[in-house]
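*Asks:* A structural model of the following input is requested.
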Amino acid sequence: MDIIQILREDYQRFPIDQHYDLYADEVYFKDPLNEFRGINKYKAMIQFMGTFFQNIKMDLHEIYPEQNIIYMKWTLNWTTPLPWQPRIAIPGRTELTLDEHQKIISHVDYWNCSRWDVVKQHIFPKR
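*Replies:* Numbers count the residues shown, from 1 in each chain. Sure, this is the predicted structure:
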């Protein structure tokens, strides 16, 4: 099975049973909230999301490789465990950089909204 198919399947069941073996030990991760190196920190971040947030769904809209980079477009949804149970949606994209062994050495996420937009979804939930 190729890496594109594995990533498609991982995103369908995110954050459960991810293929962390696709990532290099010192993978670089960056998104609008986090920046770090290391597969253990990456695993901990995904585990936190799966433990804290409810009804997580990652809709993968597009995935394609170009040379040593895999580009993805997606929407991440979850329910935040607040009394009013706001449903949050973050549209975004990812750039995964591969090394010569086809291991992911860099995972950079970009949101198509601001951090403030995400905060507002918690305060003024759409029903």
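
*Asks:* alpha carbons only for contacts and neighbour counts from here, please
*Replies:* Will do.

*Asks:* who touches the longest helix anywhere in the chain?
*Replies:* With secondary structure taken from DSSP state H, the chain has its longest helix at helix 39-52. Helix 39-52 is contacted from outside by 15-16, 20, 23-27, 29, 56, 80-81, using Cα atoms under 8 Å, 6 or more residues apart in numbering.

*Asks:* next one: stretch 61-73
*Replies:* Contacts for stretch 61-73 (Cα under 8 Å, 6+ apart): 4, 60, 74-75, 91-99.

*Asks:* quick one: the strands in the protein?
*Replies:* Taking DSSP state E, the strands of the chain run over residues 23-30, 35-37, 54-66, 69-79, 87-98, 104-111.

*Asks:* per-residue confidence for the residue lying farthest from the centre of the chain?
*Replies:* Most distant from the centre of the chain: Pro83, at 25.2 Å, with distances by Cα atoms, centre = their mean. For Pro83, the model assigns a pLDDT of 94.
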